[in-house]
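>>> The following comprises the amino acid sequence and a computationally predicted model.
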Amino acid sequence: MTDQISLDELRALNKAHWDEVAELHRVSYNTPALLASPDGLSSVVTEDNRLLAPFLPSGSVAGLDLLHLQCHIATDTLSWARLGAHVTGLDLSPESLRVARDLATKAGCEIEYIESSVQEADQALAGRQFDIVYTSIGAICWLEDLSQWAGLIASVLRPGGVFFIRDHHPVAAALEYEGPPGELRLTWPYFNNGPLIDDSDVDYSSPQPVKNARTVEWAHSLADVIGSLLCAGLTIRDFQEHKTLPWLMVPWMEQDGDSYVLPAPLRDLCPLTFSLVATKD
């Protein structure tokens, strides 16, 4: 079925979905709680900042130019701005950026937002460069080609600049989510064998029905991620695998602070996320 759909049409499906769920995510991401405190940070950035800070010259993003790729409604983008970075968010969804700009205004943060896909970002950024490029969790599965993504990162980083990603581990992403409690079964592809179309009628964050529910994802192995960055000329400075995940992957996971973990007997059997730091020498 996917052989009959062009790449542009697949991308358009995702864009229509992100446009529709932007307001839904304003609620399901609990943005009022983030705005309620002037120093509030998303739980994602709280963890990412801990992992990134040791690789920054002053141990902080404060005063540095940071580009957030695929920022969506930008709760994480806003969090980096609150930590003192000069932040630019980039996303293909105009509705997502409309919500992002509204949140930034309400938070009193000056953030620049650029409407562009990753594929067209070179033109949209017009030669600008940054100290940090950031990809937040759950983003690269929406990209079909990580070599293009990595090339963009290398081109917009200043010499000595730092790239950071923490994402769903591809082994965990290959698990069966609806299997029997307490069982880990590999069902979904680990390797990128082409587009994976989801026709569920709800968004991942809410039981509310969505009109533009069809989405398209691509599996990316660790070799895809690491190899694409190395081929783009970046140097890997840190790679870690983690036992926590910011969302409830299967209903029988246990809560651990703002994250979720597998029950103790299974916790050492499967990584849930990975993090990576790379630099442009």
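Now that the structure is in, tell me what you want to look at. Keep in mind the model is a prediction, meaning the values are calculated, not measured.
>>> all strands for the stretch 151-281 of the chain, in order.
Along the stretch 151-281 of the chain, counting by DSSP state E, counting those that start in this stretch, strands occupy 157-168, 196-198, 215-217, 235-242, 254-256, 259-261, 273-279.
>>> partners of the longest one in the sheet?
It refers to strand 157-168. strand 130-135 (parallel), strand 273-279 (antiparallel) (DSSP bridges).
>>> Any chance of those in a markdown table with mean pLDDT and mean neighbour count as columns?
Glycine gets a C-beta too; all of them are placed from N, C-alpha and C. Formatted as a markdown table, the strands paired with strand 157-168 follow (pLDDT from 0 to 100; neighbours: other C-beta atoms under 10 Å):
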| stretch | mean pLDDT | mean neighbour count |
| --- | --- | --- |
| strand 130-135 | 98 | 24 |
| strand 273-279 | 98 | 20 |
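>>> could these be laid out in CSV, adding distance to Leu248?
CSV is the format used below for the strands paired with strand 157-168 (distance: least, C-beta to C-beta, whole Å):
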stretch, distance to Leu248
strand 130-135, 22
strand 273-279, 14
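>>> tell me which residues in stretch 16-33 are buried?
For stretch 16-33, burial by neighbour count (16 or more other C-beta atoms under 10 Å) applies to Ala16, His17, Trp18, Asp19, Glu20, Val21, Ala22, Leu24, His25, Arg26, Tyr29, Thr31.
>>> My error: substitute stretch 52-64 in the last question.
Leu52, Phe55, Leu56, Val61, Leu64.
>>> what's the answer for stretch 245-263, then?
Using 16+ other C-beta under 10 Å as the test for burial, stretch 245-263 gives Leu245, Pro246, Met249, Val250, Met253, Ser259, Tyr260, Val261, Leu262.
>>> next one: stretch 150-162
Across stretch 150-162, burial judged by 16+ other C-beta under 10 Å covers Ala150, Gly151, Leu152, Ile153, Ala154, Ser155, Val156, Leu157, Gly161, Val162.
>>> ok, the fifth one touching Asp281?
No. The pair Ala154 and Asp281 fails to qualify as a contact (C-beta atoms under 8 Å) at a distance of 10.6 Å.
>>> who touches Leu143 in this structure?
Neighbour list for Leu143: Val118, Trp149, Trp218, His220 [criterion: C-beta atoms under 8 Å, 6 or more residues apart in numbering].
>>> Pro263 too?
Contacts for Pro263 (C-beta under 8 Å, 6+ apart) come out as Gly182, Trp252, Met253, Glu254.
>>> Can you lay out these as CSV showing pLDDT and distance to Pro271?
As requested, the contacts of Pro263 are exported to CSV (pLDDT from 0 to 100; distance: C-beta to C-beta, whole Å):
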residue, pLDDT, distance to Pro271
Gly182, 93, 18
Trp252, 95, 18
Met253, 97, 14
Glu254, 97, 16
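>>> Using CSV, please lay out those residues together with distance to Ser42.
Shown next, in CSV, are these (distance: C-beta to C-beta, whole Å):
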residue, distance to Ser42
Gly182, 30
Trp252, 25
Met253, 20
Glu254, 21
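>>> Looking at those, which one is closest to His86?
His86 lies nearest to Met253 out of the contacts of Pro263, by C-beta to C-beta, at 36.8 Å.
>>> Hmm, Val261 and that closest one touching each other?
Yes. Between Met253 and Val261 there is a contact under C-beta under 8 Å: 6.4 Å.
>>> which residues do the two both contact?
Common neighbours of Met253 and Val261, counting by C-beta under 8 Å, 6+ apart, are Leu245.
>>> Tell me who's in contact with the nearest residue to Arg128 once chain neighbours are set aside.
Leaving aside its chain neighbours, Arg128 sits nearest to Val156 (6.7 Å; criterion: C-beta to C-beta, 6 or more residues apart in numbering). By C-beta under 8 Å, 6+ apart, the residues touching Val156 are Leu67, Ala121, Leu125, Arg128, Gln129, Phe130, Val133.
>>> again with Gly84
Gly84 touches Ser60, Val61, Ala62, Gly63, counting by C-beta under 8 Å, 6+ apart.
>>> again with Glu23
By C-beta under 8 Å, 6+ apart, the contact list for Glu23 reads Glu95, Val99.
>>> Next, count neighbours for Ala36.
Neighbour count for Ala36, taken as other C-beta atoms under 10 Å: 9.
>>> Phi first, then psi, for it.
Backbone torsions for Ala36, taken as degrees, to the nearest 10, come to phi -60, psi -30.
>>> Quick check: the gap between the residue lying closest to Pro159 once chain neighbours are set aside and Gly161.
Closest residue in space to Pro159, ignoring its immediate chain neighbours: Lys280 at 5.9 Å, by C-beta to C-beta, 6+ apart. In this view, Lys280 and Gly161 are 5 Å apart by C-beta to C-beta, to the nearest Å.
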